[in-house]
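Student: Below are the sequence and a predicted model; questions follow.
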Amino acid sequence: MSPKVMEVEGLDELIDRLQRTPQVYKQAEQKTMVASLTILWENVPPYPPAPATSRYVRTGTLGRSLGSSMGGGATGQPQIFGIKMYSKGAVGSFGTRLKYAQYVIGSRHTQQIYPFSAYWWTIDTIIGKAYGKILRAWKIMAEELAKFLEGRGL
């Protein structure tokens with residue numbers, strides 16, 4: 001009895017997609033991480049009003065170091081805004097290099113000090129405002145990758 005020849009249609013396309021998957025994933029991950037950092041940047045609040053008793057003239061340095069004007073809104077890029085790609089995933093960094101920033105906008109529970117805690121927002125505020133939109137960006141990435149694996153996208 002001679003062996004039967006069997007041909008499976010579409011297998012070449014599937015093999016091609018599977019071979020491209022790591023590269024496609026890394027590109028999607030990098031794109032989504034940039035979007036996540038941009039979302040954080042968009043959510044930097046304006047400076048809070050100065051206390052009535054304050055004689056200090058604000059310079060706007062802290063805001064500029066986060067890529068924001070005193071009134072809110074983008075102005076230049078944050079001092080820390082980057083991505084490092086590792087074999088197990090991407091790590092995004094967003095913030096400022098100003099040494100005093102941790103005392104002004106640091107986490108309310110660990111670094112922010114009085115009198116700033118009485119009127120300044122914290123880095124947690126930015127994260128809280130951006131969280132839902134960042135989560136949606138990663139869900140969209142996952143959906144796009146699923147479509148790619150099904151042969152319907154990317």
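Tutor: Received, thanks. Numbers count the residues shown, from 1 in each chain.
Student: need the strands for this structure, in chain order.
Tutor: 80-86, 89-95 (DSSP state E).
Student: Which strands or helices does the last one pack on?
Tutor: Of the remaining helices and strands, those touching strand 89-95 by 3 or more CB pairs under 8 Å, 6 or more residues apart in numbering; DSSP states H and E are helix 11-42, strand 80-86. Yep, even glycine has a C-beta here, placed from its N, CA and C like the rest.
Student: Deepest-packed of the strands of the chain, please.
Tutor: Ranked by mean neighbour count, the strands of the chain are led by strand 89-95 with a mean of 15 (mean count of other CB atoms under 10 Å).
Student: Return the alpha-carbon coordinates of that strand using PDB.
Tutor: Taking Å, rounded to 0.1, in the frame of the first residue of the first chain, the C-alpha atoms of strand 89-95 are listed here in PDB:
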ATOM      1  CA  GLY A  89       9.400  42.700  28.400                       C
ATOM      2  CA  ALA A  90       9.700  46.500  28.200                       C
ATOM      3  CA  VAL A  91      10.200  48.900  31.100                       C
ATOM      4  CA  GLY A  92       9.100  52.500  30.700                       C
ATOM      5  CA  SER A  93      10.400  55.400  32.800                       C
ATOM      6  CA  PHE A  94       8.700  58.700  33.300                       C
ATOM      7  CA  GLY A  95       9.600  61.600  35.600                       C
END
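Student: and Ile80, what does it touch?
Tutor: Residues in contact with Ile80 (CB atoms under 8 Å, 6 or more residues apart in numbering) are Ser93, Phe94, Gly95, Thr96, Arg97.
Student: what's the nearest residue to it if we skip its chain neighbours?
Tutor: Of all residues not flanking Ile80 in the chain, Gly95 sits nearest, at 4.2 Å (CB to CB, 6 or more residues apart in numbering).
Student: That neighbour reaches Gln77, doesn't it?
Tutor: No - look at Gly95 against Gln77 with CB atoms under 8 Å: they stay out of range, at 11.8 Å.
Student: could you list every residue that touches the closest residue to Glu29 other than its chain neighbours?
Tutor: The spatially closest residue to Glu29, leaving aside those adjacent along the chain, is Ala90, at 5.0 Å (CB to CB, 6+ apart). Counting by CB under 8 Å, 6+ apart, Ala90 touches Glu29, Gln30, Met33, Ile83, Lys84.
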